[in-house]
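# quick one, fold the following:
(4 chains)
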There are 2 protein chains.
Amino acid sequence: MGQMATEPKPASPPLTERQEARRRRILHASAQLASRGGFDAVQMREVAENSQVALGTLYRYFPSKVHLLVATMQDQLQQMHETLRKRPPAAEAPSARVAETLMRAFRALQREPQLADAMLRALTFADRSVSPEVDTVSRLTTAIILDAMRLPGPATAEQLSAVRVIEHTWHSALVTWLSGRASIAQVKIDIEMVCRLIDLTGRA
Amino acid sequence: MGQMATEPKPASPPLTERQEARRRRILHASAQLASRGGFDAVQMREVAENSQVALGTLYRYFPSKVHLLVATMQDQLQQMHETLRKRPPAAEAPSARVAETLMRAFRALQREPQLADAMLRALTFADRSVSPEVDTVSRLTTAIILDAMRLPGPATAEQLSAVRVIEHTWHSALVTWLSGRASIAQVKIDIEMVCRLIDLTGRA
DNA sequence: AGTGGGTCTGAAACTTGTTCTAGATTAGCG
DNA sequence: CGCTAATCTAGAACAAGTTTCAGACCCACT
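Model (predicted):
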């Protein structure tokens, strides 16, 4: 899992203040447009205009629409992680805590379904060129789930596998819900089902 | 599961012979281009040209690139279903049979990773307008898994949930592998992990 | 065989992601 | 301050998915 900075990513060149502000304006415009019309409504020209940045500059900060939306997701996940840290899940069993956490996150996304749609579509559509960024999102998600498990020691290989499976299910169930092919009830059932895997994996 | 025709779907207007041939040419060209360069290599103009059909006609048959690729996936899955029917998995436990089936399917896709990439990306990128077609793919996958389970009677709600979770994991793991963020070994482990859910669900 | 409606063709037009270019601005530095 | 390289801007240009349109063609029915 490499470096574990509290907030910023690699920080290759330390951005100036104005640059940081630009980056933030772009992400804000992206999230705002996404909240309205979802993936399709995030049009690069419009993002550039709304964040008062030239199109070329937008592309310098985020080399593609998918990069932009995945970065937006990083941003949102980070916030969610903070929120969850403040009010951690209360349930007894680890599996129940994970299920609770994921359903809570799910409800948060429900409030902005279009934004969720844009971010998830970008995430699953991303090709190899976006792997590093997608990986960051994945690590964030993993961290959220592991937090909810509150393991005494480091996770076993088996547990990590279970976490990956939970992550897969979480993403895929979300996509299915967003495209109207599954109800919220079904998502809940499936999340609870996959969380049972946690009970199967021990310290062994 | 509604109608269970042996091959064709709804068949709203019964296509003429020439039309059936056109459709087949289009799907063939699509799969061929996808096998080369993946999603991006499937260019509508080229598909049209290669299948000797006007662009407008291509769009009459498949209203978007995503529709086309999802239909391609239906086609491939159908073939895979046939193949699997001929040589069903041999393992003892239902969960092992499902894992074996999925890994066999996985290896088949490995042989044409670019094609798999194109189909999977289209599938997960599909929006609501493609829901019916995506649903068909989902039902096919479900059928394949249920076949492997060889249940004595009809599946319980719990079992269907487990199957959905397995499907989610299968898709998502595949995507992760295709984008180079997971090894084949990891996919195998995760598939086997999620298949354990089957052992947890009984007739209840 | 004749005819009417749906289908197919070829080509242009439109949309939106992405790239490119020339000139203005900015940041860091002597 | 004055220079230089990097960055930013405005806008054109390009690429590929999608739409549109006029005319040719095919099919079923009389």
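# up against DNA strand C, what does chain A have?
Proximity of chain A to DNA strand C is assessed by Cβ under 7 Å from any atom of the strand, with A:16, A:18, A:40, A:42-45, A:55-56, A:59, A:63-66 identified as the residues in range. For glycine as for every other residue, the C-beta is placed from the backbone atoms N, C-alpha and C.
# if we look at DNA strand D, which of the residues you listed are close to it?
Restricting the residues of chain A next to DNA strand C to those touching DNA strand D (Cβ under 7 Å from any atom of the strand) yields A:18, A:55-56.
# still on that earlier bit, make CSV from the residues of chain A next to DNA strand C and add distance to residue A:118 and pLDDT to it.
What follows is these, written out as CSV (distance: Cβ to Cβ, whole Å; pLDDT from 0 to 100):
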residue, distance to residue A:118, pLDDT
A:16, 29, 84
A:18, 27, 88
A:40, 8, 97
A:42, 6, 98
A:43, 11, 98
A:44, 13, 98
A:45, 16, 98
A:55, 19, 98
A:56, 23, 97
A:59, 18, 98
A:63, 17, 97
A:64, 14, 98
A:65, 10, 98
A:66, 10, 98
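# which of those residues ranks first by neighbour count?
residue A:42 (26 neighbours; other Cβ atoms under 10 Å in any protein chain shown).
# who's in contact with that one?
For residue A:42, the residues meeting the contact criterion (Cβ atoms under 8 Å, 6 or more residues apart in numbering or on different chains) are A:30, A:33-34, A:65, A:68-69, A:118.
# tell me which of those residues fall in helices.
Of the contacts of residue A:42, the ones assigned to helices by DSSP state H are A:30, A:33-34, A:65, A:68-69, A:118.
# could you list the low-confidence segments of chain A?
For chain A, residues meeting the criterion pLDDT under 70 lie at A:1-14, A:203-204.
# which stretches of it form helices?
In chain A, the helices defined using DSSP H lie at A:17-37, A:44-50, A:55-61, A:65-86, A:94-110, A:113-125, A:131-149, A:157-178, A:184-200.
# for the closest residue to residue A:158 other than its chain neighbours, give me its contacts.
Across the structure, with Cβ to Cβ, 6 or more residues apart in numbering or on different chains as the measure, the residue nearest residue A:158 apart from its sequence neighbours is residue A:201 (4.4 Å). Contact partners of residue A:201, counting by Cβ under 8 Å, 6+ apart, are A:156, A:158-159, A:161-162.
# which one of those has the most neighbours?
Neighbour counts for the contacts of residue A:201 (other Cβ under 10 Å) peak at residue A:162, which has 28 neighbours.
# wait, doesn't it sit right on residue A:200?
Yes - under the criterion of Cβ atoms under 8 Å, residue A:162 lies in contact with residue A:200, with a separation of 7.4 Å.
# residues contacting the residue nearest to residue A:182 when sequence neighbours are not counted?
The shortest distance from residue A:182 to any residue that is not its chain neighbour, by Cβ to Cβ, 6+ apart, is 4.3 Å, and that residue is residue A:176. The neighbourhood of residue A:176, defined by Cβ under 8 Å, 6+ apart, consists of A:182, A:187, B:168.
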